[in-house]
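*Asks:* Structure for the following, please:
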Amino acid sequence: MRSDTVPTVSPLRAVRTRRAVPWRAVAVTGLALLVAYALVVPLLPVDIDRVDYATGATRPSWGHPFGTDLTGRDLFVRSAHGLRISLLAALAGATSAVVVGALVGAGCALAGGRVDRWGMRVVDGVNAVPHLLLGIVVASVLRGSFLTIVLVVAATHWTQTARLVRAELLAVGTSDYYRAAVAHGFTRRQLLRHHAAPRLAAQLVVALGLLVPHAVWHESTLTFLGLGLPPHAPSLGVLLDLGQQALLSGAWWTLAAPAGLLVAVTVCLSGCLSGRGEEHHD
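*Replies:* Numbers count the residues shown, from 1 in each chain. Have a look, this model is predicted:
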């Protein structure tokens, strides 16, 4: 008597998958448009620092889609420059955080013993302090610059990656196939390269994607507080600060432009990675 086994899929998971696919497509499209906007518009022959006091703050129009600020500077072009600077700072900081976390996590897992215990205590200690508070402390010690943002993001966001890498390496080291491979003469380096590295690579890419939105918000917040990028760099944080000041004059669009871009890039980045964790474990 033949028995056919039909794989079953959770109805709830199937519904989530059907909903996630179109939303992810929208998020990817939106992110592509935002990146194109941040890369192409700054190439236009427009002086972002040219002021026109005669024009002053004007509402959004066909000539100025995002309007102009109190000094008559075009916000469509300045916001593109700001988005590019913020994305570059966030990407550099998130990449540094992932690299530091991966090295710490791998070192703790491979060394074991006292190194692992003390390493995890350091991770717990960093996690016990709110990231933004720790970032403010670090940024207040350093001079506001692009490098400061990178260092702050790396110093406050490496711990989750360290835990991820450590847990993955410990899981590989205690698995049955690892013990069997060691018994057959495979070296530790070979097993890490062929088994752990491919699994970690995919997870680190996802971790990097999830860190970028946090890094964008940290850059914007620190710059808004005067601890990040200098005022002459039109990052999103600088534009938010100027928009907040102009808001008192009724020029709401000066704040809406950078705030809208900040929310849009965060939503699109999160949407691009929605469901990746579940897919990886299936």
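*Asks:* Show me what the longest helix seen in the chain is packed up against.
*Replies:* Taking DSSP state H as the criterion, the chain has its longest helix at helix 75-111. Packing partners of helix 75-111 (3 or more Cβ pairs under 8 Å, 6 or more residues apart in numbering; DSSP states H and E): helix 11-40, helix 113-128, helix 146-157, helix 159-173, helix 197-224, helix 236-247, helix 253-272. Yep, even glycine has a C-beta here, placed from its N, CA and C like the rest.
*Asks:* in it, what counts as buried?
*Replies:* For helix 75-111, a neighbour-count test (16 or more other Cβ atoms under 10 Å) marks 75-98, 100-102, 104-109 as buried.
*Asks:* Stretch 29-40 too?
*Replies:* 30-31, 34, 37-38.
*Asks:* what is the mean pLDDT for it?
*Replies:* Averaging pLDDT along stretch 29-40 yields 93.
*Asks:* before we move on, what about stretch 128-147?
*Replies:* When pLDDT is averaged over stretch 128-147, the result is 84.
*Asks:* Relative to Trp252, how far out is Ser145?
*Replies:* 31 Å (Cβ to Cβ, to the nearest Å).
*Asks:* The most centrally placed residue in the chain and Leu229, how far apart?
*Replies:* Closest to where the C-alpha atoms of the chain average out (Cα atoms, centre = their mean) is Val212, at 0.6 Å. Using Cβ to Cβ, we find Val212 at a distance of 17 Å from Leu229.
*Asks:* Please apply the same query to Leu208.
*Replies:* 21 Å.
*Asks:* These two: which is more packed in?
*Replies:* Comparing Leu208 with Leu229 by other Cβ atoms under 10 Å, the one with more neighbours is Leu229, at 25 against 18.
*Asks:* pretty sure that one is touching Gly144, no?
*Replies:* Yes: Leu229 sits in contact with Gly144 when judged by Cβ atoms under 8 Å, with a separation of 6.4 Å.
*Asks:* residues bridging contact with these two, i.e. touching both?
*Replies:* Thr223 (Cβ atoms under 8 Å, 6 or more residues apart in numbering).
*Asks:* In contact with the residue nearest to the centre of the chain, which residues?
*Replies:* When contacts are counted by Cβ under 8 Å, 6+ apart, Val212 touches 87, 90-91, 94, 269.
*Asks:* so what's it scoring on pLDDT?
*Replies:* As predicted, Val212 sits at a pLDDT of 88.
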